[in-house]
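>>> attaching a predicted model along with its sequence, questions to come.
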Amino acid sequence: MTLRLRAKTSEGLISLDVLSPSDSILDLRKLLSQKLSVDTGSLVIKCGFPPKVLVETENGSELGVYVKSGDTLIVEQSSKKEPVASNGVKRKIDEVNGASTNSIGANSNAVSISRKVIPADNSCLFNSFCFAYSHTGENLFTHQQLRDLIASTVAAKRSKYPPEVLGSDVTEYQKFIRNPQSWGGAIEAAILADHFEMEVRIVDVQTNRVDKFGCSENFLQCVYLLYDGIHYDALFQAPHKSVFCVSDQQVEQACIKFAEGLKKLNKFTNLASFSLRCMICNELLKGQSDAQKHAMSTKHINFREVGT
């Protein structure tokens, strides 16, 4: 039986369909080394969710113990040099999941930035991160997997995420964040950055501020998300890049310029003035912060924006 695997690499997704379950991790490492033209010792191979590093034993571990056909591996190089952002596979990322890219672009010294429009389904933060992290148009994770990861993280690191940070006790927060109707925000972006060892940079349309989560950890890579006050989309460099070097100032400036273009068109929601109504108890709320507090205290998560 042949294992049919895919590997997410700095060159995009590649197919692996010549190994069997009885082959070893070392066989996989050699195959990837040949395909990527790199030394076997520089490769770090991860599988599963959350991704864990595949490690050979003295006798060599059989692949079938760790992976199955259809799995996607994450392949990185352990070199300390700053990585070159991935190019991705050659496919049209604006046709994935029925969403479209925004027609507005921003160019800064030949850097072209576009927006991947993410459905407004209350999971836009997670789906934006999924798209940006995968950078191929084919998400490696689901928003529910990321929600579960965050819920597990706060339970495992209670001293880092006490009730005063979460807004409730850990158990209540876990129920809240696992609910697909609950919004994500700064806490969730910070946890994703720490787990995936990658800065999550959120560009605010109204203020042109770039909030950088994970920036104190000396990560080498980053992704950019666009925030319009109540919704997140993913930013990418045409045609297929969405993972960047943290030191790439041209990309950061191009993302800011893209947000400036949207601001000129009033494509944002002013959090100081917009109102939401809870569709369960009809309470009128002011802004996302009030809505999140209301959701945590009442478990009501069905809101609608109303005129002011």
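Yep, that arrived. Numbering: from 1, shown residues only.
>>> for the rest of this, base every contact and every neighbour count on C-alpha atoms.
Fine.
>>> any idea how far residue 5 is from residue 71?
Applying Cα to Cα, to the nearest Å, one obtains 5 Å for the distance of residue 71 from residue 5.
>>> sorry, that was for residue 141
For residue 141, the distance to residue 5 (Cα to Cα) stands at 16 Å.
>>> before we move on, what about residue 121?
Following Cα to Cα, the distance that separates residue 121 from residue 5 is 31 Å.
>>> so where do the helices sit in this protein?
25-36, 124-134, 143-156, 163-166, 170-178, 186-196, 249-264, 287-298 (DSSP state H).
>>> just those: most buried one?
Among the helices of the chain, the stretch with the highest mean neighbour count (mean count of other Cα atoms under 10 Å) is helix 124-134, at a mean of 25.
>>> quick one: mean pLDDT for that one?
Model confidence over helix 124-134, given as mean pLDDT, is 93.
>>> chain center to that helix, what's the gap?
Using Cα atoms, centre = their mean, to the nearest Å, we find the averaged C-alpha position of helix 124-134 to lie 4 Å away from the chain's own average C-alpha position.
>>> pLDDT below threshold where in the stretch 51-200 of the chain?
51, 57-60, 78-110, 135-138 (pLDDT under 70).
>>> tell me the contacts of the most centrally placed residue in the chain?
Within the chain, one residue has its C-alpha closest to the average C-alpha position: by Cα atoms, centre = their mean, that is residue 129, at 2.1 Å. Shown here is residue 129, whose contacts under the criterion Cα atoms under 8 Å, 6 or more residues apart in numbering are 223, 225, 234.
>>> restricted to strands, list the residues you listed.
Secondary structure assignment by DSSP state E places 223, 225, 234 of these in strands.
>>> show the buried residues in those.
223, 225, 234 (16 or more other Cα atoms under 10 Å).
>>> can you lay out those as TSV showing distance to residue 257?
Listed next are those as TSV, based on distance: Cα to Cα, whole Å:
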residue	distance to residue 257
223	16
225	13
234	15
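>>> mind listing what residue 160 touches?
Residues touching residue 160, when contacts are defined by Cα under 8 Å, 6+ apart, comprise residue 154.
>>> and what of residue 142?
For residue 142, the contact set (Cα under 8 Å, 6+ apart) comprises 127, 130.
>>> let the chain start at 58 from now.
Yes, from this point I'll number from 58; that puts the last item at residue 199.
>>> tell me how far it lies from residue 313.
Distance check for residue 199 against residue 313: by Cα to Cα, it reads 28 Å.
>>> would you mind measuring from the closest residue to residue 218 other than its chain neighbours to residue 225?
By the measure of Cα to Cα, 6 or more residues apart in numbering, the closest residue to residue 218 outside its immediate chain neighbours is residue 211, 5.8 Å from it. In this structure, residue 211 lies at 12 Å from residue 225, with Cα to Cα as the measure.
>>> again, but for residue 236
Between residue 236 and residue 225 the computed distance is 15 Å (Cα to Cα).
>>> cool, residue 201 as well?
In terms of Cα to Cα, residue 201 sits 21 Å off from residue 225.
>>> repeat that for residue 202.
Plainly put, residue 202 is 22 Å away from residue 225 if you go by Cα to Cα.
>>> please apply the same query to residue 88.
Plainly put, residue 88 is 48 Å away from residue 225 if you go by Cα to Cα.
>>> repeat for residue 255
Per Cα to Cα, residue 255 is found 27 Å from residue 225.
>>> of those two, which one has the most company?
More crowded of residue 255 and residue 225, by other Cα atoms under 10 Å: residue 255, with 25 against 16.
>>> pull the contacting residues for that one.
Under the criterion of Cα under 8 Å, 6+ apart, the contact list for residue 255 reads 271, 276-280.
>>> let's have those residues in JSON lines, adding distance to residue 218.
Shown next, in JSON lines, are the contacts of residue 255 (distance: Cα to Cα, whole Å):
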{"residue": "271", "distance to residue 218": "15"}
{"residue": "276", "distance to residue 218": "21"}
{"residue": "277", "distance to residue 218": "25"}
{"residue": "278", "distance to residue 218": "24"}
{"residue": "279", "distance to residue 218": "23"}
{"residue": "280", "distance to residue 218": "24"}
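>>> what's the closest of those residues to residue 354?
Distances from the contacts of residue 255 to residue 354 were compared by Cα to Cα; the smallest belongs to residue 271, at 28.6 Å.
>>> pLDDT score assigned to the closest one?
Looking at residue 271 specifically, the model assigns a pLDDT of 93.
>>> also residue 357?
With respect to pLDDT, residue 357 scores 69.
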